[in-house]
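Engineer: Need a 3D model of the following:
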Amino acid sequence: MKSHRKLLWFQTQARTEIIDITEEVDAAVRESGISEGLALIYPMHTSAAVYVSDSDRALTEDLASLLARLAPPGAGYAHDASDPKGNADGHLKAILCGHHVSVPVSEGRLDLGTWQCVYYAEFDGQRDKEVQVRILGV
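Structural biologist: Numbers count the residues shown, from 1 in each chain. Here you go, the predicted structure:
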């Protein structure tokens with residue numbers, strides 16, 4: 001079995017931002033030379049998430065809106081008292097989304113459904129953030 005590691009870097013413009021990273025991840029898969037296996041997409045931050053969903057941008061906006069209602073900033077979280085960054089809501093949103101995903105690799109490409117995309121969700125942004133893509137297979 002082969003393994004290939006690629007780091008993707010993102011500089012978000014807003015504190016909360018959701019980015020379609022499908023093309024970057026698929027490029028890492030092609031670069032790996034692995035034709036059959038799995039791609040693990042793993043953000044290197046606890047206030048970020050990676051998920052697979054529909055390609056409709058309106059759904060992305062709906063998710064951001066839902067998360068803002070479920071975990072609003074400054075809601076008196078214990079973490080905000082122990083950490084001066086005041087980013088408890090970002091950590092909670094990342095937990096709700098799910099931290100990372102594994103996507104099948106077939107014939108040297110991500111094996112996603114027709115409308116599926118891989119998204120990077122940043123909840124404590126406006127600085128450089130790193131996502132690890134690890135491809136395992138043959």
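Engineer: And the host helix or strand of Lys93, how far out from the chain middle?
Structural biologist: Using DSSP states H and E, Lys93 falls within helix 88-97. Taking C-alpha atoms, centre = their mean, to the nearest Å, one finds the center of helix 88-97 at 12 Å from the center of the full chain.
Engineer: got the contact list for the next helix or strand after that helix?
Structural biologist: For helix 88-97, the following helix or strand on the C-terminal side (DSSP H and E) is strand 101-106. Strand 101-106 has contacts (C-beta atoms under 8 Å, 6 or more residues apart in numbering) with 25, 29, 34-41, 50-52, 110-112, 118, 135, 137. The way it works is simple: take the backbone N, C-alpha and C, and place the C-beta from them, glycine included.
Engineer: repeat for stretch 88-100
Structural biologist: Outside stretch 88-100, the residues within contact range by C-beta under 8 Å, 6+ apart are 15-16, 40-43, 45-51, 63, 67, 70-75, 77-80, 121, 123-124.
Engineer: which among those residues end up buried?
Structural biologist: Using 16 or more other C-beta atoms under 10 Å as the burial test, the contacts of stretch 88-100 include 16, 40-41, 43, 45, 47-51, 63, 67, 71, 73, 77, 80, 121, 123-124 as buried.
Engineer: Which elements pack onto the worst-scoring helix or strand of the chain on mean pLDDT?
Structural biologist: When each helix and strand of the chain is scored by mean pLDDT, DSSP states H and E, helix 78-82 comes last, with a mean of 93. Here helix 78-82 touches helix 88-97, going by 3 or more C-beta pairs under 8 Å, 6 or more residues apart in numbering; DSSP states H and E.
Engineer: Just grab the bridge partners of the residue positioned nearest the centre of the chain for me.
Structural biologist: The residue lying closest to the centre of the chain (C-alpha atoms, centre = their mean) is Val50, at 2.2 Å. Counting by DSSP bridges, Val50 is bridged to Tyr120.
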